[in-house]
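[1] sequence first, predicted model second:
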Amino acid sequence: MKFEFRGFDQEGNFKIGIIEAVNKETAINLLHNQNILVTYIKPVTEIKPLIILEKISYLDKAFFCRALQYLLAAGISLDESLKTIAQQTSKIAFRRIIEEVYEDVLAGLPFSQALEKFPEIFEKSVVRLIRIGELSGNLEEVLGSLSAHYENQHRLRTKIISAMFYPAMVLAIFLVTMYVLFFNVIPKIAAIFEENNLELPAFTKYTFMVSKFFADYGLYLVIFIIFLIYLLWQYLRSEEGALFLYNFLTNFPVFGPLLKEVNVLNIIESLTFLIKGGLPIAESLKIISESLSNPYYKNALEFIAEETAKGKSIADTFNAFPDLFQPLVVQSFYAGEKAGNLYKALTTIQNYLYNSIETKLLNISELIQPIMIIFLAGGLILLELTLIIPIQQLSRLATFQ
């Protein structure tokens with residue numbers, strides 16, 4: 001069993017950590033043997049399964065930051081503010097996290113260190129900014145910036161999902177229709193033809209063979225497909241797989257440029273709010289690179305951070321990656337450096353990229369609609385060949401009889 005502890009050593013240094021022991025008393029004795037005076041100890045609460053079952057969204061984190069900002073501005077202490085927010089949070093996983101942060105703050109742990117225990121919720125860049133806000137006494141402003149950051153991320157994700165909603169719904173309806181057709185309608189039509197000693201039309205016969213194959217081996221096929229999806233998922237999570245996926249997607253005429261702009265927008269926005277929070281550019285770039293999953297952009301930012309730390313121009317280092325960063329982005333860095341106001345230049349390019357992505361998403365929606373119409377027309381032709389022709393034959397047969 002694991003226990004989280006806090007205390008002081010013989011020199012008076014504050015200690016925090018996790019120790020494994022059979023029970024609480026044994027853990028305290030072990031710490032005493034290490035000459036640590038324990039002031040706080042409790043079993044480690046496992047929250048990760050709850051986080052998996054109950055996803056904590058950007059909007060949840062935006063509400064947390066904004067509410068905490070308002071409560072602190074009203075003169076309410078940090079611990080009481082956290083307690084109030086926890087009581088108003090409906091998601092169980094997030095409420096438990098805030099409650100644990102509240103307990104840590106109440107026990108004397110800095111707010112940033114309490115958040116640091118949940119890296120899957122509060123990124124390293126967020127914890128770093130909170131720490132700066134604590135030290136500078138500017139925590140309210142930092143929380144406001146973080147809230148705006150999460151709101152922008154939520155808005156972008158919502159627009160992307162909205163653009164994909166229409167084709168996803170059409171595809172779902174088509175698949176349900178095909179399921180009913182293959183597993184319910186076609187077998188009944190085939191049975192009618194068989195009872196009357198009639199030969200099925202050629203296309204319906206082939207469709208019935210496919211239907212029978214799925215009926216007999218569908219379960220094995222589903223298991224095989226799930227296994228393939230799992231292998232593909234594991235491959236795409238590797239660096240080689242991520243590179244393959246990025247190269248594959250960026251070759252699409254419309255979707256490729258959109259994917260690049262989304263990656264660049266996320267980087268620019270993160271860099272903007274980190275610079276606003278007071279972090280040096282090189283450190284900001286390093287923090288952002290650690291949070292990226294795309295190997296191309298991750299390696300590029302690591303290189304740019306190292307070169308910037310040596311005193312080189314950030315615009316020149318960004319210009320070394322023309323395939324990743326558009327010329328307009330590089331020009332904005334040049335303009336910001338020359339004017340001595342990089343934050344303003346980044347804000348301008350951030351707004352431009354957001355509007356550009358919004359326009360491209362609308363164009364993708366308009367482009368998908370005719371493709372969906374053609375797709376549905378193909379489905380209707382399939383339906384006619386499979387159902388209407390044999391039904392017409394049965395109708396003619398009934399008329400002659």
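    Nice, I can see it.
[2] which element follows the lowest-mean-pLDDT helix or strand in the chain toward the C-terminus?
    The helix or strand of the chain with the poorest confidence is helix 48-53; it has a mean of 49 (mean pLDDT, DSSP states H and E). Later in the chain than helix 48-53, the nearest helix or strand by DSSP states H and E is helix 58-73.
[3] buried ones in the helix or strand hosting residue 232, by neighbour count?
    Secondary structure from DSSP H and E places residue 232 in helix 202-237. Neighbour-count burial for helix 202-237 flags 204, 207, 208, 211 (criterion: 16 or more other CB atoms under 10 Å). C-beta: built from backbone N, CA, C; applies to glycine.
[4] next: stretch 269-281.
    269, 270, 271, 272, 273, 274, 275, 276, 277, 279, 281.
[5] can you list the residues that contact that stretch?
    Defining contact as CB atoms under 8 Å, 6 or more residues apart in numbering, one finds that stretch 269-281 is touched by 125, 128-129, 132-133, 136, 142, 145-146, 148-149, 152-153, 284-285, 287-288, 291, 308, 314, 342-343, 346-347, 350.
[6] what residue spans form the domains of the protein?
    Domain assignment of the chain by automatic domain parsing yields the ranges 1-44, 56-122, 139-401.
[7] so of those domains, which one's packed in deepest?
    Among those, the stretch with the highest mean neighbour count (mean count of other CB atoms under 10 Å) is domain 56-122, at a mean of 18.
[8] hang on, the earlier thing: of the buried residues of helix 202-237, which is the nearest to residue 59?
    Checking these against residue 59 with CB to CB, the nearest one is residue 211 at 44.1 Å.
[9] contacting residues around the spatially closest residue to the closest one that is not a sequence neighbour?
    Of all residues not flanking residue 211 in the chain, residue 182 sits nearest, at 4.3 Å (CB to CB, 6 or more residues apart in numbering). Shown in contact with residue 182 (CB under 8 Å, 6+ apart): 207, 210, 211, 214.
[10] try 10 Å
    Contact partners of residue 182, counting by CB atoms under 10 Å, 6 or more residues apart in numbering, are 207, 208, 210, 211, 212, 213, 214, 215, 218, 386.
[11] residue 150 contacts residue 121, doesn't it?
    No: with contacts defined as CB atoms under 10 Å, residue 150 does not count as touching residue 121, sitting 11.3 Å away.
[12] need the residues touching each of these two.
    60, 61, 64.
[13] what bits of the stretch 301-401 of the chain have low per-residue confidence?
    394-401 (pLDDT under 70).
[14] hmm, try it at 90
    For the stretch 301-401 of the chain, the stretches with pLDDT under 90 are 308-316, 318-401.
[15] the residue lying closest to residue 295 once chain neighbours are set aside and residue 247, how far apart?
    Residue nearest to residue 295 in three dimensions, not counting chain neighbours: residue 239, with 5.0 Å by CB to CB, 6+ apart. Separation of residue 239 from residue 247 (CB to CB, to the nearest Å): 13 Å.
[16] which one is residue 178 nearest to, not counting chain neighbours?
    That would be residue 379: by CB to CB, 6+ apart, it lies 7.6 Å from residue 178.
[17] can you tell me how far the one you found is from residue 184?
    16 Å.
[18] what segments of the stretch 1-150 of the chain are helices?
    Applying DSSP state H, counting those that start in this stretch to the stretch 1-150 of the chain gives helices spanning 24-33, 48-53, 58-73, 78-88, 92-106, 111-115, 124-136, 139-180.
[19] who wins for proximity to residue 230 among these?
    Nearest to residue 230, of those and by CB to CB, is helix 48-53 at 16.7 Å.
[20] touching, residue 164 and residue 365? I think so.
    Yes: counting by CB under 10 Å, residue 164 sits close enough to residue 365 to count as a contact (8.8 Å).
[21] look up the residues that both of these two are in contact with.
    Contacts common to residue 164 and residue 365, judged by CB under 10 Å, 6+ apart, are absent.
[22] good, wrapping up.
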